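Chemist: Sequence first, predicted model second:
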Amino acid sequence: MNAIEVRDVRKTYRRFHRRRQFATLKSALLSGKGLGDLRPDETFDALRGVSFDVPAGSTFGIIGRNGSGKSSMLKLVAGIGRATSGVVTVHGRVSALIELGAGFHPEISGRDNVFINGMMLGLTRREMSARFDEIVAFAELEDFIDAPVKTYSSGMYMRLGFAVAIHVDPDVLLVDEVLAVGDEAFTHKCLDKFAEFKRRGRTVLLVTHSLDMVTRFCDQALWLDGGLVKMLGDPRRVIDAYLLDVAGAEGRALAEASGTGSGRGAGTTASASVDEPVDMSKVLEGRWGSKEIEIVAVEFLDRDRQPAHLFRSGDAVEIRLRVRAHQPVTDLVFGVGIFNADGVCCYGTNTDLEGATLTEMRGEGEARFTISRLDLIDGTYKVDVAVHRKNGAPYDYHRLRHTLRVVSSSKDTGVFRPPHEWSFSGGITIAGLEPPRERDTTATRP
Amino acid sequence: MVQSLRHVVRYRGLVASLVARELKARYRGSVLGFFWSFVNPLLLLLVYTFVFTVVLPGAHPDELQPFALFMFCGILPWTWFSSSLLESSTVLITSGNLIRKVLFPAEVLPIVTVLAGAVHFCLGLPILAAFLFYYGVPVAPTDLLWFPVIVLIQLVLTLGLALLLSALTVHFRDVRDLLSNLLTLWFFGTPIIYAASQVPPRVRFILNLNPMTHVVVSYQEVLFTTGTFSQWPSLLLVGAVSMVVFLVGFVVFDRLRDTLAEEV
């Protein structure tokens, strides 16, 4: 038995400020809907034929980028607005956590507002009386419940709104992002309540950007993209595909932004003195150096030797520098540094530190720095590449000019991820741990 | 349509609570609180008494004495009528948050507005009764039986117009501005500060097309004018018209319902 059935639903909005939906009183009174006579450029399709079922008692997550139609879908299920075409069927009482405390009247007491809010959500006065104490206790507002709501802090307001909505005890709960509010302790209470709701076999439709919540609570996930169903199924699988897609788009944006650097900006010299070592901690993004040797191109290659900006954690990466010496040089050091978004150096090394003894260069050449496993956590990283003298005076220094993105479905934290595994013995049972190794390394190219 | 009407019945508890909230919130923070419901019509009566006995004495025939009381019989229901329409024309827009974010039968809002007005009207009645008693106006008990009928007919008429206007204002914000001027015209087109009998015969038929004329005249006949209530045929006709207005208002509201959430 399905709690929610959605069949080929389309929702078309009118673009605002273009033309009125009803040009005249007559059209408003006669036609009822006036979308048909609008030109295509005056409308916007938020949903373009979406179908799915939510079985009763399951928790169903909808994910997708901004503007993919998630909230529109939720509103249609909630019965706020009607689909332009298609059918939405919902069995049972629906309550929607879309905006907490919508409809609270500032001038009257929390007590009256709780009653009215509950009745707006479909309960009778008697049902509200039965739940009133529980709601107030849940919101932790016993001392303030008779004060006008306008005197409440925003946290109190949200807590009360959440408490009412969750205690309405609907058959189908619709949630738009507001799964939990308040401080750490209250957030836990919200999530516990939510889990209890799920245990009691109620249906939940959750629209969120918090992918953690989807993996944690949902039995199924739906990925909406541009008003279409992109993927439907097991949450982990859907989320992985979604993450990869998002990272892919980011990778393309990075590639455009950094433009792999060849020739561009050559000859620009920052004000730092050419012969002096530069204090790296004080320098932001930039490029400088005396240019006896020039780094003309920087590329990141994946394990298939294809240029890439997006890597899965644990992938192999090759940083390839094409260099040109304008005159023969005998004192040179190649260096590489990787920085995370906080500016922390995750790793840095150069040929001198690693014990190079004889250095010489003339004409053109290529320097390759190969990392066999890029064991970094999920994030965006900036890369320094440089060629300089032993004393640090740069020939060509690219400071934070190159970007690479590491994706990982694991949410571990820190600076790097050492290869690791958990094992237990004795009376400990912990199941379901996945090896930190990424499962799918084929789809690394953006 | 029938189903939507049934919805409204199902939400009657909510309607009652919202009316109570409306009244509570209205006087929250004022010193006199609920007394304002009595004091307001009293002050209004004083103003008109001042104007028509001090500023403009003798501008009206003797059978309308005391003139302030005569006017009061019309002003009290008119205030209910006009404030309900004015407020309900904007009520959907000011409560847009509710309509957009909560599954909530929007027609509840104009209904609550009209009913809250009705409560204020009823709270003004003791003042009216006190002055009727003070001036010793004889009120026939049989006539008084008509009083609830008149109130009911006015209620149905106001509800119908409120539903119509509230839904239309969402799409045509012009209605709001148009309405306030229209109501001024309507006020003078209703025999409130003059008696229907004073109107030249040529214009009288226009006056008769106005349903509020018959409602107000009925109040005056029942409460003020001596003699038995003779207006009942036209009153019942207005009652039938009110039913039609209500149905039209509801159908239009029902029709525009789905577009409200996007337009407010």
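Modeler: Noted; the coordinates are in hand.

Chemist: From chain B, how far off is A:Val329?
Modeler: Separation of A:Val329 from chain B (C-beta to the nearest C-beta, to the nearest Å): 68 Å. Backbone N, C-alpha and C define where each C-beta goes, glycine included.

Chemist: which ones are touching the closest residue to that residue other than its chain neighbours?
Modeler: Counting by C-beta to C-beta, 6 or more residues apart in numbering or on different chains, the nearest residue to A:Val329 once its immediate chain neighbours are dropped is A:Met361, at 5.1 Å. By C-beta atoms under 8 Å, 6 or more residues apart in numbering or on different chains, the residues touching A:Met361 are A:293, A:323, A:325, A:328-329, A:332.

Chemist: Go again with 7 Å.
Modeler: Counting by C-beta atoms under 7 Å, 6 or more residues apart in numbering or on different chains, A:Met361 touches A:293, A:325, A:329, A:332.

Chemist: B:Pro110 now?
Modeler: By C-beta under 7 Å, 6+ apart, the contact list for B:Pro110 reads B:88, B:91, B:162-163, B:166.

Chemist: Now it: phi and psi?
Modeler: Main-chain dihedrals, B:Pro110, degrees, to the nearest 10: phi -60, psi -30.

Chemist: what would the contacts of A:Met361 look like in a markdown table with secondary structure, pLDDT and neighbour count?
Modeler: Output for the contacts of A:Met361, formatted as a markdown table (DSSP: H, G, I helix; E, B strand; the rest coil; pLDDT from 0 to 100; neighbours: other C-beta atoms under 10 Å in any protein chain shown):
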| residue | secondary structure | pLDDT | neighbour count |
| --- | --- | --- | --- |
| A:Ile293 | strand | 91 | 24 |
| A:Ala325 | strand | 91 | 18 |
| A:Val329 | strand | 90 | 16 |
| A:Leu332 | coil | 91 | 20 |
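
Chemist: now, among those, which is nearest to chain B?
Modeler: Lowest distance from chain B to the contacts of A:Met361 (C-beta to the nearest C-beta) belongs to A:Ile293, with 62.6 Å.

Chemist: which residue is nearest the centroid of the chain?
Modeler: Let's take chain A. Nearest residue to the geometric centre of chain A (C-alpha atoms, centre = their mean): A:His209, 6.1 Å.

Chemist: wait, I meant chain B there
Modeler: Centre-most residue of chain B, counting by C-alpha atoms, centre = their mean: B:Phe81, 2.0 Å.

Chemist: and that residue, what does it touch?
Modeler: Counting by C-beta under 7 Å, 6+ apart, B:Phe81 touches B:154, B:158, B:212.

Chemist: The last one: which element?
Modeler: Pointing back at B:Met212 there. Taking DSSP states H and E as the criterion, B:Met212 maps to helix B:211-223.

Chemist: Name the residues of chain B found near chain A, please.
Modeler: Residues of chain B lying near chain A by C-beta under 7 Å from any C-beta of the partner chain: B:13-14, B:17-18, B:21, B:24-25, B:28, B:97-98, B:100-104, B:171-172, B:252, B:255-256, B:258-259, B:261-262.

Chemist: rerun that using 8 Å as the cut-off
Modeler: B:11, B:13-14, B:17-18, B:20-21, B:24-25, B:28-29, B:95, B:97-104, B:168, B:171-172, B:252, B:255-256, B:258-259, B:261-263 (C-beta under 8 Å from any C-beta of the partner chain).

Chemist: Give me the buried subset of those.
Modeler: Buried members of the residues of chain B next to chain A, counted by 16 or more other C-beta atoms under 10 Å in any protein chain shown: B:11, B:13-14, B:17-18, B:20-21, B:24-25, B:95, B:98-104, B:168, B:171, B:252, B:255-256, B:259, B:261-263.

Chemist: Inside helices: which ones of the residues of chain B next to chain A?
Modeler: Counting by DSSP state H, the residues of chain B next to chain A place B:13-14, B:17-18, B:20-21, B:24-25, B:97-101, B:168, B:171, B:252, B:255-256, B:258-259, B:261-263 in helices.

Chemist: which residue ranges form the strands in the stretch 1-150 of chain B?
Modeler: Using DSSP state E, counting those that start in this stretch, no strands are assigned anywhere in the stretch 1-150 of chain B.

Chemist: buried sites along stretch B:176-184?
Modeler: Buried residues in stretch B:176-184, defined by neighbour count with 16+ other C-beta under 10 Å: B:179, B:183.

Chemist: for the stretch 101-250 of chain A, what are the low-confidence residue spans?
Modeler: A:179-180 (pLDDT under 70).

Chemist: how about the residues of it that lie near chain B?
Modeler: Close to chain B, as judged by C-beta under 8 Å from any C-beta, the stretch 101-250 of chain A has residues A:102-103, A:105, A:107-108, A:112, A:115-116, A:119-122, A:124-125, A:148.

Chemist: repeat that for 7 Å
Modeler: Counting by C-beta under 7 Å from any C-beta, the stretch 101-250 of chain A sits next to chain B at A:102-103, A:105, A:107-108, A:112, A:115-116, A:119-120, A:124-125.

Chemist: So which of those residues are in helices?
Modeler: Per DSSP H, those map to helices at A:112, A:115-116, A:119-120, A:125.

Chemist: Just the residues contacting stretch A:76-84, thanks.
Modeler: Residues outside stretch A:76-84 that contact it (C-beta under 7 Å, 6+ apart) are A:4, A:9-12, A:35, A:75, A:88, A:90, A:94, A:96, A:98, A:174, A:205, B:100, B:103, B:258, B:261-262.

Chemist: Give me the average confidence score over that stretch.
Modeler: Averaged across stretch A:76-84, pLDDT comes to 85.

Chemist: Pull out the buried residues from that stretch.
Modeler: A:76-78, A:80-84.

Chemist: Which residues are in contact with the residue in the stretch 101-250 of chain B positioned nearest to chain A?
Modeler: Taking C-beta to the nearest C-beta as the measure, the stretch 101-250 of chain B has B:Lys101 as its residue closest to chain A, at 4.1 Å. By C-beta under 7 Å, 6+ apart, B:Lys101 lies in contact with A:98-99, A:102.
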